[in-house]
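Asks: Quick one, structure for this:
(chains A and B)
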Amino acid sequence: MRNTEGRWLRLTVLGLVAAGLVLPILAGLWETGRAAFGYLPAIGAETLSIDPWRRLWSLPGFSTSLSLTLWTGFASTLLALAIATGFCAAVHGRMSAGQSARLLTPFLAAPHAALAIGLAFLIAPSGWIARVLSPWATGWDLPPDLATVRDPCGIALILGLLVKEVPFFLLVMLSALSQVPVRAHLAAGRALGYGRGVVWIKVIAPQVYPLIRLPVFVVLSFALSVVDMAIILGPSNPPTLAVAMTRWFFAADTMLILPASAAALLQTALVAGGILLWLGAERAVTVAGRFWIRRGGRGLSSGPGLVLAGAGAGFLMALGAAALLALLLWSVAWRWPFPDALPESWSLRAWARPAMGWGMALKQTLIIGLATTALSLTLAIAWLEGEDRAGLNRARWAEGLIYLPLLVPQVAFLYGLSVTFLRAGMTGGMVAVIWGQALFVFPYVMIALSDPWRALDRRMVRAAAALGAGPLRRLFAVKLPILLAPVLTAAAIGFAVSVAQYLPTLFLGAGRIATLTTEAVTLSSGSDRRVTGVYAVLQAALPFAAYAAALMLPALLLRHRRGLAGASA
Amino acid sequence: MSALELHDVAIRPCATCAPLFAPLTLRVPAGSVTTIIGASGIGKSTLIDFIGGHLSAGFEAAGRVTLNGRDVTRLPAEARRIGILFQDALLFPHLSVGDNLAFGLARSVHGRARRRAAVEAALDQAGLAGFYERDPATLSGGQRARAALMRTLLAEPLALLLDEPFSKLDPDRRADLRAFVFDHVRDRAVPVLMVSHDAEDAAAAGGPLVALE
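Replies: Purely as a prediction, here's the structure:
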């Protein structure tokens, strides 16, 4: 009875996911929620009241923080979506899947913090761009007194989010486009007299959008509650709500934890409200769009808009690449007086002493990254194998379960989770951090592995069974080797996500665990760009190395197997 | 006594759907090839899946399958010892041609040298001598089909199912391969059941003919 066995595996995996993933989030929200209403025995607060909320409302800069959060979150998500759509329309059919994957991978791999630091190195008044243009074009001999980073409007933050989110949207859009008969519909639309751009907007985009809706919500939730990038690029006084509440959580005055918890609940409500608002806007756009489509406008002139959006994507990628280069440059620069385009003298001194700090941070990052990835990958494979053996498709609620940690803002439950862990006597340790990061690594591993796993030719597995291979042998001798490339890609994605984690390490490590990311973010407010550069370069290099290994290992191991060459992700 | 038997087998695509074909009772004796013919879409391949233990989730099946008197209906596919030759060769793309055969070779053959020799002998029989290290992706369609048959036979199945194994080959190769397959399976003296919509296949098999309707 193969089904019984499959059900057991499924039950075990579901139990693990519920206990390891859902329970911590609920417990975290519960603790945060109690603290938001004045109940946190750890600091002697034991009476339920709405005082924390009053306190929150009266905290300096609160309303500015709130509007900044909404502005940067919605503006970056909408812009990223528009730019990515335009870019897809511009390059679709002119770029192979492999080419676009190679183009996007560096941006997907680079952690938010590293990109943000590089961007700051680039666009700051004393940054690389100003240096390249000075003094011949600008006349500046000294860095100008302009707020190009941490500007009060959050433009730099939006720019940073765009550099990271446009490639992500492109990735999900390109994969969704492969499920839509783009070529045929473009031809049909153009034969009816519609311009290429209009066919994209009226025909292709409505088919793609439902397929990328969940990722859109993930990005919206992320943009509304991002902390590391907002610390580095966002306005500092007052900052966005998520940054403000992180400060309050770690303030010397522990009574600030109560209004911070209220802010955490508010953050959850903001994300939930934001998604509802987005859903409402979807409806409105659908109605208006149908009206617009019925009018039958051929819109021959709408091409330029898409070209502009496509160019925007190109500009953002160039900016991102320059930002990563700036990191590397600064980490090996020694004397670099202002208007010079390149350093006057070079030095490896910042790199020379790993014992001074980056060696330890690198080690911690590696241990945590490898452990979370191994854990998440094992669980994901067990989940998918359980589905196979039970012969069941994934239920909608199970899909939702996977996305849950990506939709609930991290700041909303991590403090509460640290309280829960503290009570269980396991805070400030590696185990807590690894567990906390796995909450966010597992979903990405699962998402990356699900499609290739399902695309595996089931008849291969049947052929193995007909030859007498039992379930374990089918898994280890047939499925996993055939899926080697996607499994390694999923592992690389998981590792990259782990390296980039900031808040879980901060809250659950209780300040005792220092990774490259937490150190880089801390150093980013300091003055020594060389040292910051070293941390950020290392932080960006680890995911790159993982992606490179995921790409090269299958190519090496399977170099004599042509049948699998096309299967690499 | 050596036979594959179906007793009142009926399959529905879903619990409330109509059955694909009228309840089928059939005895496939050893040593000859019994052919089931029927239009495409009638459920020939689904029947093969059911007999082999590979029925996809969602299908509802009634009836029993016995092999040499033993009821295998509830056994998992790998425990039934029923070999299948599929429409496509389905050689595992990550293994060399020889290792594909070694994957199939029964556990009862012990020792590295002896297992290697058994595989080499089978390759030789299939006209694939010296192909051990070859990548299956570099084989022609006919070579792949022969390797797949050898892989199936090395597992020492107690019954063999042929799921339109020649339908994807061009007409010249088809006759060759048909002769090759039938020669080899008749030697084995096990029950062989083929499904096909091709009258020539059925004629070449030379065994009893059953129409599915």
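Asks: Show me which helix or strand of chain A is least confident by mean pLDDT.
Replies: In chain A, no helix or strand scores lower on mean pLDDT, DSSP states H and E than helix A:562-565, which sits at a mean of 74.
Asks: residues of the helix or strand where A:Leu327 lies that come out buried?
Replies: In the assignment (DSSP states H and E), A:Leu327 maps to helix A:303-331. The neighbour-count criterion (16 or more other Cβ atoms under 10 Å in any protein chain shown) identifies A:303, A:306, A:309-310, A:312-313, A:316-317, A:319-320, A:322-324, A:326-331 as the buried residues of helix A:303-331. C-beta coordinates here come from the backbone N, C-alpha and C atoms, glycine included.
Asks: Same check on stretch A:182-193?
Replies: Counting neighbours by 16+ other Cβ under 10 Å, stretch A:182-193 gives A:182, A:186, A:189 as buried.
Asks: of all these, which comes closest to A:Pro486?
Replies: Taking Cβ to Cβ as the measure, A:Pro486 sits nearest to A:Val182 out of the buried residues of stretch A:182-193, at 23.5 Å.
Asks: Please verify my assumption that that closest one contacts A:His92.
Replies: Yes - A:Val182 is within contact range of A:His92, at 6.3 Å (criterion: Cβ atoms under 8 Å).
Asks: on that earlier part again, give me the helices and strands touching the helix holding A:Leu327, please.
Replies: Using 3 or more Cβ pairs under 8 Å, 6 or more residues apart in numbering or on different chains; DSSP states H and E as the contact criterion, the neighbours of helix A:303-331 among helices and strands are helix A:62-91, helix A:97-109, helix A:112-123, helix A:128-133, helix A:155-177, helix A:196-199, helix A:529-557.
Asks: can the ones you listed go into CSV with extra columns for mean neighbour count?
Replies: Converted to CSV, the helices and strands packed on helix A:303-331 look like this (neighbours: other Cβ atoms under 10 Å in any protein chain shown):
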stretch, mean neighbour count
helix A:62-91, 21
helix A:97-109, 16
helix A:112-123, 28
helix A:128-133, 18
helix A:155-177, 23
helix A:196-199, 20
helix A:529-557, 21
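Asks: Tabulate these (CSV), appending distance to B:Gly111 and mean pLDDT.
Replies: CSV is the format used below for the helices and strands packed on helix A:303-331 (distance: least, Cβ to Cβ, whole Å; pLDDT from 0 to 100):
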stretch, distance to B:Gly111, mean pLDDT
helix A:62-91, 57, 93
helix A:97-109, 44, 84
helix A:112-123, 55, 96
helix A:128-133, 67, 91
helix A:155-177, 48, 94
helix A:196-199, 65, 82
helix A:529-557, 27, 92
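Asks: Which one of these lies nearest to B:Ala113?
Replies: helix A:529-557 (26.1 Å).
Asks: check whether that closest one contacts chain B.
Replies: No - contact of helix A:529-557 with chain B is not found when judged by Cβ under 8 Å from any Cβ of the partner chain; the minimum separation is 8.8 Å.
Asks: what packs against that helix?
Replies: Helices and strands touching helix A:529-557, as assessed by 3+ Cβ pairs under 8 Å, 6+ apart, comprise helix A:97-109, helix A:112-123, helix A:303-331, helix A:349-352, helix A:358-390, helix A:484-500, helix A:516-524.
Asks: Okay, and the beta partners of the residue most central in space within chain B?
Replies: The residue at the geometric middle of chain B, judged as the C-alpha nearest the mean C-alpha position with Cα atoms, centre = their mean, is B:Ile84 (2.5 Å). Beta-bridge pairing for B:Ile84 (DSSP bridges): B:Leu161.
Asks: check contacts around A:Ala536.
Replies: A:Ala536 is in contact with A:113-114, A:117-118, A:327, A:331, A:520, counting by Cβ atoms under 8 Å, 6 or more residues apart in numbering or on different chains.
Asks: I'd like to know which of those residues is nearest to chain B.
Replies: The closest of the contacts of A:Ala536 to chain B turns out to be A:Ala114 (Cβ to the nearest Cβ; 35.6 Å).
Asks: For B:Thr62, pull up the helix or strand it's in.
Replies: One correction, residue B:62 is Ala, not Thr. Secondary structure assignment for B:Ala62, by DSSP H and E: strand B:60-67.
Asks: picking up where we left off before, figure out which of the helices and strands packed on helix A:529-557 is closest to A:Phe74.
Replies: Going by Cβ to Cβ, the one of the helices and strands packed on helix A:529-557 nearest A:Phe74 is helix A:303-331, 17.5 Å.
Asks: Out of the helices and strands packed on helix A:529-557, the one nearest A:Ala82 is which?
Replies: Closest approach to A:Ala82 among those is made by helix A:303-331 (5.7 Å; Cβ to Cβ).
Asks: quick check: mean pLDDT across that closest one?
Replies: The average of the pLDDT scores along helix A:303-331 is 89.
Asks: follow-up on the earlier one: can you lay out the helices and strands packed on helix A:303-331 as JSON lines showing distance to A:Pro504?
Replies: Supplementary listing: the helices and strands packed on helix A:303-331 in JSON lines, determined by distance: least, Cβ to Cβ, whole Å:
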{"stretch": "helix A:62-91", "distance to A:Pro504": "20"}
{"stretch": "helix A:97-109", "distance to A:Pro504": "19"}
{"stretch": "helix A:112-123", "distance to A:Pro504": "13"}
{"stretch": "helix A:128-133", "distance to A:Pro504": "32"}
{"stretch": "helix A:155-177", "distance to A:Pro504": "18"}
{"stretch": "helix A:196-199", "distance to A:Pro504": "42"}
{"stretch": "helix A:529-557", "distance to A:Pro504": "15"}
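Asks: What parts of chain B come near chain A?
Replies: Residues of chain B that fall close to chain A, judged by Cβ under 8 Å from any Cβ: B:49, B:52-54, B:56-58, B:74, B:76-79, B:81-84, B:86, B:88, B:90, B:92-96, B:103-104, B:106-107, B:133, B:135-138, B:151-152, B:155, B:157.
Asks: Among the residues you listed, name the buried ones.
Replies: Neighbour counting by 16+ other Cβ under 10 Å classes B:49, B:52-54, B:76-78, B:81-84, B:86, B:88, B:90, B:92-96, B:103-104, B:135-137, B:151-152, B:155, B:157 among the residues of chain B next to chain A as buried.
Asks: Give the other helices and strands that the lengthiest strand in chain B contacts.
Replies: For chain B, the strand that runs over the most residues, judged by DSSP state E, is strand B:3-12. With contacts defined as 3+ Cβ pairs under 8 Å, 6+ apart, the packing partners of strand B:3-12 are strand B:24-29, helix B:44-52, strand B:60-67.
Asks: Done for today, thanks.
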